[in-house]
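Mind folding the following:
(one chain, ligands or ions: 2)
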Amino acid sequence: MIPKILILLCILSFNSFGQIISHENTTLICYWPNYGRSLRLIGGYNPGVGWMDEDDSIDQYQKGLAFYKTDLHGSEYLVTTGDVDYELGSWYALIPEHYRGEENTNGTYFSNRVPLNTSDITICSPLNEVYQNLMTQEISSRDVELDQARLDQLIRVDLNGDGVDEMLITSHSQENFGGRIMGPTNDYSLFCVRYVTPSGVNTEIVGFQNCLRSGSLYEPAKFVIESILDINGDGAMEFILSATGFETTWVGVYSFNGEEIECVVSSMWGV
Ligand SMILES: [Ca+2]
Ligand SMILES: [Ca+2]
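Residues are numbered from 1 along each chain as shown. Ligands and ions are numbered 1, 2, ... in the order given. Coordinates of the predicted model:
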């Protein structure tokens, strides 16, 4: 019989996502990579301090913080944070404890994985031809030859709460796109936000990378919108974006004030 702890560790190895842990007055922004069983601290927010980078927020990150996660079958189980690995950076070991309902309910547990499927967010079909054509124009204007852009994520959300939706888009040249250091010619990756301004619709290309020549030393990273939520409680949504390249991962938190997209916190590390 396989011990339950091993089953849980296997579950933990699936899917990357943003993780929020509220602790006292501070909200810690973390990232769970799909290749690891540890939680990476990205930064935080404290009402008296504002946005905090990794170095400022690591003092708030404590051993023994607990929160529920959902496994692939939709069942919730509890994990607690273990020691920080300072040599590797701001990594917290996560220790699976038990499934919800099997525990003694002493203590305080914190927030779960940040979902992308709330009623405030509309996940649109990546086969939408209007957006495929728009992204084809953007990508082909950047020295990439392509017939039609492949979209991965097409998410509609009112980030700044003004009643007008913004559109978040990720696009990669291949379905199973991964960070690579020598990609084929015309490999590309893109992340952009479309939003309405008084002067019209703006397409802001937040991230774009491509391989100009086959085998060239370019490293297009895969962009993933991990989570969308109001982290600092000001009524406007932030979103967490990851960019996974060859042996590197970058994660950033972005806000939108109605005029521009701003990266408020970010962190990058190697494998
Ligand atoms: Ca808006
Ligand atoms: Ca906010």
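
can we go C-alpha only for contacts and neighbour counts from here?
Fine.

At the contact with ligand 1, which residues of the stretch 51-200 of the chain appear?
Contact residues (Cα under 5 Å from the ion) of the stretch 51-200 of the chain with ligand 1: 158, 160, 162, 164, 165.

so which of those comes closest to residue 238?
Taking Cα to Cα as the measure, residue 160 is the one of those closest to residue 238, at 8.6 Å.

From the centroid of the chain, which residue is nearest?
residue 226 (2.9 Å; Cα atoms, centre = their mean).

surely that one meets residue 238?
No: at 11.0 Å, residue 226 does not count as touching residue 238 under the criterion of Cα atoms under 8 Å.

Name the residues of this protein found near ligand 2, please.
230, 232, 234, 236, 237.

Could you report the distance from the closest residue in space to the first one that isn't next to it in sequence to residue 19?
It stands for residue 230. Nearest residue to residue 230, sequence neighbours excluded (Cα to Cα, 6 or more residues apart in numbering): residue 237, at 4.3 Å. Residue 237 sits 15 Å away from residue 19, going by Cα to Cα, to the nearest Å.

if we can go back for a sec, just the buried subset of the residues of the chain next to ligand 2, written out for PyMOL, thanks.
Buried residues within the residues of the chain next to ligand 2, by 16 or more other Cα atoms under 10 Å, are selected in PyMOL with:
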select buried, resi 232+236+237
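
quick revisit: helix or strand for the residue nearest to the centre of the chain, which one?
strand 222-229 (DSSP states H and E).

ditto for residue 56
Using DSSP H and E, residue 56 sits in helix 54-57.

would you list every one of the helices in the stretch 101-250 of the chain?
Per DSSP state H, counting those that start in this stretch, the stretch 101-250 of the chain carries helices over the ranges 129-140.

so where's it shaky on pLDDT?
102-118, 178-183, 212-219 (pLDDT under 70).

Now residue 255. Nearest residue, chain neighbours left out?
Leaving aside its chain neighbours, residue 255 sits nearest to residue 238 (4.7 Å; criterion: Cα to Cα, 6+ apart).

Is it correct that residue 224 is in contact with residue 241?
Yes: contact criterion Cα under 8 Å: residue 224 and residue 241 qualify, at 5.7 Å.

Surely residue 242 touches residue 254?
No: in this structure residue 242 lies outside contact range of residue 254 using Cα under 8 Å: 10.9 Å.
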